[in-house]
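Chemist: quick check, what structure comes out for this input:
(chains A and B)
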Protein chains: 2
Amino acid sequence: MGTDSGHKVTFLPANTSISVADGSSLIKTARKMGLHINASCGGAGVCGKCRIIVEEGSVEGGNSEKISPKDFDKGYRQACTATVNGNVTVRIPEESSRQKGGLNIEFPKRHHARMHIFDIKNLKKEGIFYPPVEKLRLELPPPGSHDNRADITRLIQGLSDQHNKHRMVTGLTVMRKIRKTLREKDFTVTATLELPVNNRAKSHILNIQAGRWDHRNFGLAFDIGTTTVYGVLIDLNNGKILAKESCYNPQMSYGEDVIARIIYAEKPKGLDMMHDLVTNAMNRIIDTMLGSANTEHGTIGRDEINSVTISGNTTMTHLLLQLEPDNIRRSPYVPVSTFFPPIRAEDISLNLPHHCVALLYPSISSYVGGDIVAGVMGSGMYRTDKLTLFIDVGTNAEIVIGNREWLACAACSAGPAFEGGGITHGMRAVEGAVSDFSMNPDSLEPMNTTIGDKAPLGICGSGLLILVATLLENNVLNPSGKFNASDNPRIREGRSGMEYVIAWQNECAADHDIVINEVDIDNFIRAKAAIFAGVMTLLEQVGLQVSDLEQIILAGGFGSFIDLDSAMSVGLLPEVDPDKVLYVGNGSLMGAWMSELSNHIRKDVVEVVRKMTSFELSEVPDFKDQYVAAIFLPHTDLSLFANTGKRKDSI
Amino acid sequence: MGTDSGHKVTFLPANTSISVADGSSLIKTARKMGLHINASCGGAGVCGKCRIIVEEGSVEGGNSEKISPKDFDKGYRQACTATVNGNVTVRIPEESSRQKGGLNIEFPKRHHARMHIFDIKNLKKEGIFYPPVEKLRLELPPPGSHDNRADITRLIQGLSDQHNKHRMVTGLTVMRKIRKTLREKDFTVTATLELPVNNRAKSHILNIQAGRWDHRNFGLAFDIGTTTVYGVLIDLNNGKILAKESCYNPQMSYGEDVIARIIYAEKPKGLDMMHDLVTNAMNRIIDTMLGSANTEHGTIGRDEINSVTISGNTTMTHLLLQLEPDNIRRSPYVPVSTFFPPIRAEDISLNLPHHCVALLYPSISSYVGGDIVAGVMGSGMYRTDKLTLFIDVGTNAEIVIGNREWLACAACSAGPAFEGGGITHGMRAVEGAVSDFSMNPDSLEPMNTTIGDKAPLGICGSGLLILVATLLENNVLNPSGKFNASDNPRIREGRSGMEYVIAWQNECAADHDIVINEVDIDNFIRAKAAIFAGVMTLLEQVGLQVSDLEQIILAGGFGSFIDLDSAMSVGLLPEVDPDKVLYVGNGSLMGAWMSELSNHIRKDVVEVVRKMTSFELSEVPDFKDQYVAAIFLPHTDLSLFANTGKRKDSI
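Modeler: The predicted structure follows:
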């Protein structure tokens, strides 16, 4: 039976059904339906709390020592380790659920943002699919007694005559090889051109090859994240991605955030070290991609890579280019440069051919970097008529508001809460991180879901958001972020005030109970308040209100998992119709990739940067007031979250 | 007594006087007056033939073992070793002269071309004194809470605000140092800009220095000759030459002419070797100049050199840039390139700072090189209204005809005769080379003058020209280049036909008699015929005649010594009024130097190259006819040399 065959799963007592693929996890299917099943251990099969009863049909697995042979015969299974292998009817017994009153669907379904997918076809349709580096084949007339033009002149004239390409320049490298190259295949050659963004500027002849090679033109796009480096290998003739690869940014060992990296870079040889770390990582990614990629014409040689587009935040870009980042972290936050001319990839230690061009995304300011500009490009925000809020949440949250006509941006320091930092048991979004959560409001029993269905290790950013929202919705937490006293054993006095136990030590992979306490909640609130205040201040600066927003675009790692309802109910995101929220994934990589495919977009980038107005929030007096007003769940001004109030009332 | 005090020297029996400086050589003074004194040994005092008698006053020196004490007392001296130290009357006795009939002035005075001297004041007067590299001082506002522009943006904005400079780009080098540099002297900095030739193109910010350095801007100009490399160090703020230096092109050891160099360059590692040889020579010249140059502000640092302009023929330029010259020597004579983008000086192994720009003069074709283009620029030919013939005589003679409106050029292979090659006792124009000559038509006794007044070693190009012209004028040689039989011991049958003995072995520094024979004469005739045929063919191609020429410009080493009357009487140069002949010396170096001082001229170079029409003489059918007609002294068509005929008759 194929994995794409649908199986009908019916849950009782809710009596609600869904069709899922063969092999789907039973507990995740329940989650999908908005049905709570107690589960402390995040799907690891340890806590034994997620017992369900198979009433009709059967499931695969779900047995454990927590289920007696007698119960097994009765149809008891652990939902977290059982998978669907046919039509089945499953009952969630009272002890595993949060049944209460007449409500069957007990907690809201997750509203994730619609995924925006970049489609190369659109570029082609619009006629703007022309990469910054082009390969052109020429059949040149050989020299003769009445035609003894210089080799370079012959090449340039050929480009003009045969391809209508004008205004060419070249350098010593091509000059030094052209004589042999022209004559190797009887004056049939392929030229590699770097096209300018500006039509009046000159094109550079980067390379020349003997024979026909215009069908082979490859490029790279890189996103240099503070945490992760992503690369893609692209066939520039058709836009196809031939390989993808990523790895942790090895600078991580010298500090998790950009400030720590800058401090390290200020040490003797520190900047060179930071540069070497990231370029080594990029070179490893290049090696891996070259090793794995294949075309119909065979493997790809390193010297066939003609260009690389790179985006990253301002600090990452500085470290990559070995520009001193010192003043990025010091008021008034002055970067060395926000725009970067095309350079040679080898000049920044990339193991790429001499002729390969490296194109760096421009930044706006010290804290609105090339990654955000790339996101604005990749998401298409710069071309939409809709008034759009673009937001990339990380340690620093970058906010852009605008549309095709105008753009305004600001950055605010949210702290590391959304990346799992500064939270007692916070962690990055890796295996074992609690990423989804619901609770039985009576027993306060959790339904944890972890990344990779492992025993919980901690809480990641998206899990924290849902956790706080759920605690708030269930009145376990009050709007000030304090726990309401309870005699439930999961609520207790801890070392940092009251705390809620998410998973007991024996149910989790940590050597302690996993908890969230009031200090964590406070950190969370400050983080979300900073972001929300940033949005409100920026809106105010441009004379608009939340109600004017027609679209929200989420970018960055955090955005991919974010539960929109939770984000609005805690007051992180302004309240809008979830259908108006779009997720672009790694907008930075997408922007780099698009620029690698379209010189038209590279031209637009210049325009976007030119028209982007940057606000320094610390210089806007109103920002502090907005921040104070936002240190509340969801906000002191509840009129901003009218629907959230309603939803909560309805539970 | 100062050397500039004039002494009156009167020669008898001619009874002609001249005022010369203290210390002037007596034999050269006679030469200046057109008076012949027998002298085989070139002024070395060996042959003892140049005896004169001091009748009134006295001279310094002039004694030797060839003069008996008795004769000495009578006033006999050797003219070649005697110098003027007061007013003096000297008689040239019959045995030392060529007195014949009533003529006192026996051979024509030498007509050398007027020297064209480049004057920096003219550039300033015309408002085109602005070097391609400029230094500008900026007092930038420091960053503040309301002004946190990036460092690079601040610099570029400052250039716009304070110096009205726009359209700037820069590279990693400046970016990597700007942060510290701006802050070192409180945001007072000096930027070094490379200005484009085209106003619409961008300027490059090459360098940035903390503090005020706009008063220090230095550049170099180089002429890379096949034989000699010349360099000058220039203060770009006022145009002054601070140092000059030259040395033999060390590639000489691998072949005297460009063809031999190309053949060497085709060997494995040969091109790299040729490159290394010339750049090592350039680096030594740079070292020497930096060591000797001084300004009012002290010595000049290597890193203060911001640009270098280089001219050379097409082969020299190829070898310098490591471009394969192979096809320059093979029909149809295709160079790799005739124009060269601005490059970094360090990219061609010059020991100059990273930011230093190297600007290469463009060529026209394989045999009309950047040296000729530079000569056209340096001589001002491209700006004159006069129809001008520009001619650079060497192994290859390059010919340019035209004016400000149009230009046509061609090259012809003259062979090495004019550089002393291919002539039995030919040599380069160094010490001991016979460089001037006259003869007693009866005794055929020569008056040799050598470079450095040394005993003769051989004959250099300019000496050969005068020698042939003199032999012809005295009917020792007939128009076909054959010696008229004579029973004089200086005319004899040698191994290569008849020959004339210029200096006997015991009078010269060679271990044999120095002679010129009919094969030498034939080589000379073929060389001059090729050049003259080139001029005629080029004139014909543009529909003009010799009589249309309003000016002749001579360039190159040969041109500096050339006797114009001799050049016309043998049919090397077309017959024009000698006053219309200008000598520009090293036009190539002058052009490089001018370009180094004026970006306006660099722009004009592009225009000059664009409008220069190049003719390949071997492809013009008429050239061969012209050549055949010219293998005669002076020419088969004597109407072209009407005045020469007259002059000869008058002797």
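Chemist: and chain A, split by domain according to the record?
Modeler: Using automatic domain parsing, the domain ranges for chain A come out as A:6-106, A:132-210, A:218-371, A:374-414+A:530-650, A:417-524.
Chemist: can you get me the start-to-end distance on the second one?
Modeler: It refers to domain A:132-210. From its first residue to its last, domain A:132-210 covers 22 Å (CA to CA, to the nearest Å).
Chemist: is chain B contacted by that domain?
Modeler: Yes. Using CB under 8 Å from any CB of the partner chain, domain A:132-210 reaches chain B at A:143-153, A:169-172, A:175-176, A:178-180, A:200. Every C-beta, even on glycine, is put in place using the N, C-alpha and C of the backbone.
Chemist: pLDDT wise, what is the spatially closest residue to A:Asn517 that is not a sequence neighbour at?
Modeler: Of all residues beyond its chain neighbours, the one nearest A:Asn517 is A:Glu499 (3.8 Å), with distances taken as CB to CB, 6 or more residues apart in numbering or on different chains. At A:Glu499, the model reports a pLDDT of 95.
Chemist: looks to me like A:Glu499 is in a strand.
Modeler: Yes. Counting by DSSP: H, G, I helix; E, B strand; the rest coil, A:Glu499 is located in a strand.
Chemist: what is the burial count for it?
Modeler: By other CB atoms under 10 Å in any protein chain shown, 23 other residues sit near A:Glu499.
Chemist: same deal with A:Ile286?
Modeler: 23.
Chemist: how about A:Pro479?
Modeler: Applying the criterion other CB under 10 Å, we find 14 residues in the vicinity of A:Pro479.
Chemist: did I read that right, it in a helix?
Modeler: No. Counting by three-state DSSP, A:Pro479 falls outside a helix, being coil.
Chemist: torsion angles phi and psi at the residue of the stretch 401-550 of chain A found nearest chain B?
Modeler: Per CB to the nearest CB, A:Ala411 is where the stretch 401-550 of chain A lies closest to chain B, at 12.2 Å. Here is the backbone geometry of A:Ala411 (degrees, to the nearest 10): phi -130, psi 150.
Chemist: one step back: from B:Gly481, how far off is the residue nearest to A:Asn517?
Modeler: 115 Å (CB to CB, to the nearest Å).
Chemist: wait, A:Asp272 touches A:Gln322, no?
Modeler: Yes. At 6.9 Å, A:Asp272 counts as touching A:Gln322 under the criterion of CB atoms under 8 Å.
Chemist: one step back: who are the contact partners of the residue nearest to A:Asn517?
Modeler: By CB atoms under 8 Å, 6 or more residues apart in numbering or on different chains, A:Glu499 lies in contact with A:Thr424, A:Phe483, A:Ile491, A:Arg492, A:Glu493, A:Val515, A:Ile516, A:Asn517, A:Glu518.
Chemist: highest neighbour count among those?
Modeler: Greatest neighbour count in the contacts of A:Glu499, by other CB under 10 Å, goes to A:Ile516: 28 neighbours.
Chemist: which is the next helix or strand following the helix or strand containing it?
Modeler: Per DSSP states H and E: A:Ile516 is located in strand A:514-517. Next along the chain after strand A:514-517, taking DSSP H and E as the criterion, comes helix A:518-541.
Chemist: partner strands of the helix or strand just after that next one and their direction?
Modeler: Later in the chain than helix A:518-541, the nearest helix or strand by DSSP H and E is strand A:551-555. Using DSSP bridges, the strands paired with strand A:551-555 are strand A:388-392 (parallel), strand A:581-583 (parallel).
Chemist: show residues contacting strand A:551-555.
Modeler: Around strand A:551-555, the neighbours that count as contacts under CB under 8 Å, 6+ apart are A:113, A:116, A:372, A:375, A:379, A:381, A:384, A:386-393, A:562, A:573-574, A:576, A:580-588.
Chemist: for the very next helix or strand once past it, which outside residues touch it?
Modeler: With elements assigned by DSSP H and E, the helix or strand that comes after strand A:551-555 is helix A:564-569. Outside helix A:564-569, the residues that touch it by CB under 8 Å, 6+ apart are A:108, A:110-113, A:465-466, A:468-470, A:472-473, A:573-576, A:578, A:581, A:634, A:641, A:643-644, A:647-648.
Chemist: using PDB, list the CA coordinates for helix A:564-569.
Modeler: Taking C-alpha atoms only, helix A:564-569 is exported to PDB below (Å, rounded to 0.1, in the frame of the first residue of the first chain):
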ATOM      1  CA  LEU A 564      -0.400  32.500  14.100                       C
ATOM      2  CA  ASP A 565      -3.300  32.400  16.600                       C
ATOM      3  CA  SER A 566      -0.800  32.000  19.500                       C
ATOM      4  CA  ALA A 567       1.300  34.900  18.000                       C
ATOM      5  CA  MET A 568      -1.700  37.100  18.000                       C
ATOM      6  CA  SER A 569      -3.100  36.000  21.300                       C
END
